[in-house]
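*Asks:* fold the following.
(2 chains)
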Amino acid sequence: MAVYELLKREGRAKRGIFHTVHGDIQTPVFMNVGTAGAIKGAVSTQDLKEVHCQVQLSNTYHLHVRPGDTLIRELGGLHKFMVWDRPILTDSGGFQVFSLAGLRKIKEEGVYFHSHIDGAKIFMGPEESMQIQSNLGSTIAMAFDECPNALSDRGYVEDSVNRTTRWLMRCKEKMAELNQREDTINKEQLLFGINQGAVFADIRVEHAKRIAEMELDGYAVGGLAVGETHEEMYHILDETVPHLPSDKPTYLMGVGTPANILEAVERGVDFFDCVYPSRNGRHGHVYTNQGKLNLFNQKFERDMRPIEEGCQCEACRTYSRAYIRHLLKAKEMLGMRLCVLHNLYFYNTMMEEIRDALDYGIFASYKKEKLCGMEQK
RNA sequence: GGGCAGGUAGCCUAGCGGUGAAGGCAAGAGACUGUAAAUCUCCCACAUUAGAAACACCGUUGGUUCGAGUCCAACCCUGCCCA
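*Replies:* Numbering: from 1, shown residues only, chains lettered A, B, ... in the order given. Okay, the predicted model is just below:
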């Protein structure tokens, strides 16, 4: 059974290790997002190891639609299928309730989707989500929730959060049943619950207290970075995270920018994931300690420096900004790939720095310096 | 020399009597937070807070017309064919 080992605290910030059947996760950690079983941008699992990825994130909804979770189960599970022996966290499909809002209907029993691929009807409720994630055999399964729009009114959010709580109880029950079955791929699959409540702090706190009693393996804060301001997001974290069990990992879903992560670590968050490094990489935007660069910009046409001086990623060890810009302009896949690799390396390395800073008890000054550097233009 | 087909932005193309000239590509910029995103948005013919103000070469110059990228003529280019 997984154990979250808290090594050190600095204020609310936590430095820990999460022990799982697929290996230890040093926290705080950034999980690299490979929705459909791969990080977009032609990144292999071998590449992932080279960019120091600890945990890969995949998606229940997407893998259910294609190639099908029963196929993956038949082929031995997601780890074997994509050849990745480290932890995998699968998102439950709850975010697709938000992102595919035009293609779904929410009912008490679950959500009726129209497949974004072929329009086929798909029903996914808590039990279905757990079954699919069990078939995938991921290390950590996320509870099936509704991620409501940040602009939703209070009444809607209350109803939604209550439904998410009922769904969470059903998830827990189903997970327990699946983990006991003989033919289950990962009998030690973990379940993280998800806090919701949009920007209403009192709803968030009450919900956090309710789910904290449920003895889950970890707790996520969802429904942030979906349209509210950074200040609102930090405020919600300030209010909510203290009510989640500190002897379990806290996961801020879908967040975020390097600055968001530094702020959230300070507020006690252990796990992160975000599409930014990969998506921005594909779009030619790369992160550096002096801020983000858009390598499509003309000013890099003759810039023979690496993306970031001293960076040890494949792109920076080998190629110049000018060459990568050329590749991007020429739509050569290598351009995107190098940017994605750099960004993932940047994120994972920043998390290593954060962990080191926490180990040495100098996170506060590290954070200040890092933020200051990245604000330069 | 003769015949045919063309000349519209950096490039390619629409337009066939009333358009401040449509598309696409290229160029320039921006957005993206549990990935329907190698996507999307803006910008790109003189000018531009746009006013019944001005300026404006749809190869060039004239002409027809209230009005011409659009019709006519000549000329200049380009491509193909015939000598």
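*Asks:* for the rest of this, base every contact and every neighbour count on C-alpha atoms.
*Replies:* Noted.
*Asks:* quick one: distance of whichever helix or strand A:Leu358 is part of to the chain centre.
*Replies:* Using DSSP states H and E, the element containing A:Leu358 is helix A:333-360. Relative to its chain's centre, helix A:333-360 lies at 14 Å (Cα atoms, centre = their mean, to the nearest Å).
*Asks:* flag every buried residue along that helix.
*Replies:* A:334-355, A:357-359 (16 or more other Cα atoms under 10 Å).
*Asks:* any part of it near RNA strand B?
*Replies:* Yes. Helix A:333-360 reaches RNA strand B (Cα under 7 Å from any atom of the strand) through A:Met333.
*Asks:* which element is encountered next along the chain beyond that helix?
*Replies:* Counting by DSSP H and E, the next helix or strand C-terminal to helix A:333-360 is helix A:363-375.
*Asks:* what angle sits between that next one and helix A:333-360?
*Replies:* Inter-element angle recorded for helix A:363-375 and helix A:333-360: 150 degrees (by axes from the mean of the first three to the mean of the last three Cα atoms, to 10 degrees).
*Asks:* any part of helix A:363-375 near RNA strand B?
*Replies:* No. Helix A:363-375 lies out of reach of RNA strand B by Cα under 7 Å from any atom of the strand, never closer than 13.2 Å.
*Asks:* tell me the helices and strands packed up against that helix.
*Replies:* helix A:258-266, strand A:291-294, helix A:333-360 (3 or more Cα pairs under 8 Å, 6 or more residues apart in numbering; DSSP states H and E).
*Asks:* one more pass at 10 Å, please.
*Replies:* Here helix A:363-375 touches strand A:3-10, helix A:258-266, strand A:285-288, strand A:291-294, helix A:333-360, going by 3 or more Cα pairs under 10 Å, 6 or more residues apart in numbering; DSSP states H and E.
*Asks:* out of these, flag the one nearest A:His62.
*Replies:* helix A:333-360 (21.1 Å; Cα to Cα).
*Asks:* quick one: mean pLDDT for that closest one?
*Replies:* Per-residue pLDDT over helix A:333-360 has a mean of 98.
*Asks:* wait, isn't A:Val340 in contact with A:Pro277?
*Replies:* Yes. Under the criterion of Cα atoms under 10 Å, A:Val340 makes contact with A:Pro277 at 6.3 Å.
*Asks:* shared neighbours, those two?
*Replies:* A:His283, A:His285, A:Val286, A:Tyr287, A:Phe346 (Cα atoms under 10 Å, 6 or more residues apart in numbering).
*Asks:* residues in contact with the second one?
*Replies:* If you count contacts by Cα under 10 Å, 6+ apart, A:His285 has them with A:276-279, A:292-297, A:336, A:339-340, A:343.
*Asks:* redo that, cut-off 6 Å
*Replies:* A:His285 sits next to A:Leu293, A:Asn294 when contact means Cα atoms under 6 Å, 6 or more residues apart in numbering.
*Asks:* report pLDDT for it.
*Replies:* 98.
*Asks:* give me the beta-bridge partners of it?
*Replies:* Bridge pairing for A:His285 (DSSP bridges) gives the partners A:Asn294.
*Asks:* distance check, it against RNA strand B.
*Replies:* 6 Å (Cα to the nearest atom of the strand, to the nearest Å).
*Asks:* ok, now the last one?
*Replies:* Distance from A:Phe346 to RNA strand B, counting by Cα to the nearest atom of the strand: 15 Å.
*Asks:* what does stretch A:92-105 contact?
*Replies:* A:60-61, A:111-114, A:129, A:142-147.
*Asks:* against A:Tyr219, how distant is the residue most central in space within chain A?
*Replies:* By Cα atoms, centre = their mean, chain A has its centre lying nearest to A:Asp273, at 2.3 Å. For A:Asp273, the distance to A:Tyr219 (Cα to Cα, to the nearest Å) stands at 14 Å.
*Asks:* the contacts of stretch A:92-105 also near RNA strand B: which ones?
*Replies:* A:Met142, A:Ala143, A:Phe144, A:Asp145, A:Glu146, A:Cys147.
*Asks:* partners of the first one in the sheet?
*Replies:* Taking DSSP bridges, one finds A:Phe192 as the beta-bridge partners of A:Met142.
*Asks:* what residues are up against it?
*Replies:* A:Asp91, A:Ser92, A:Leu191, A:Phe192.
*Asks:* and the buried ones among those, selectable in ChimeraX?
*Replies:* The buried subset of the contacts of A:Met142, as determined by 16+ other Cα under 10 Å, is captured in ChimeraX by this line:
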select /A:91,92,191,192
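*Asks:* closest to A:Glu182 among the contacts of A:Met142?
*Replies:* Among these, and counting by Cα to Cα, the member closest to A:Glu182 is A:Leu191, at 18.7 Å.
*Asks:* surely the closest one meets A:Ala141?
*Replies:* Yes. With contact defined as Cα atoms under 6 Å, A:Leu191 counts as touching A:Ala141 (5.0 Å).
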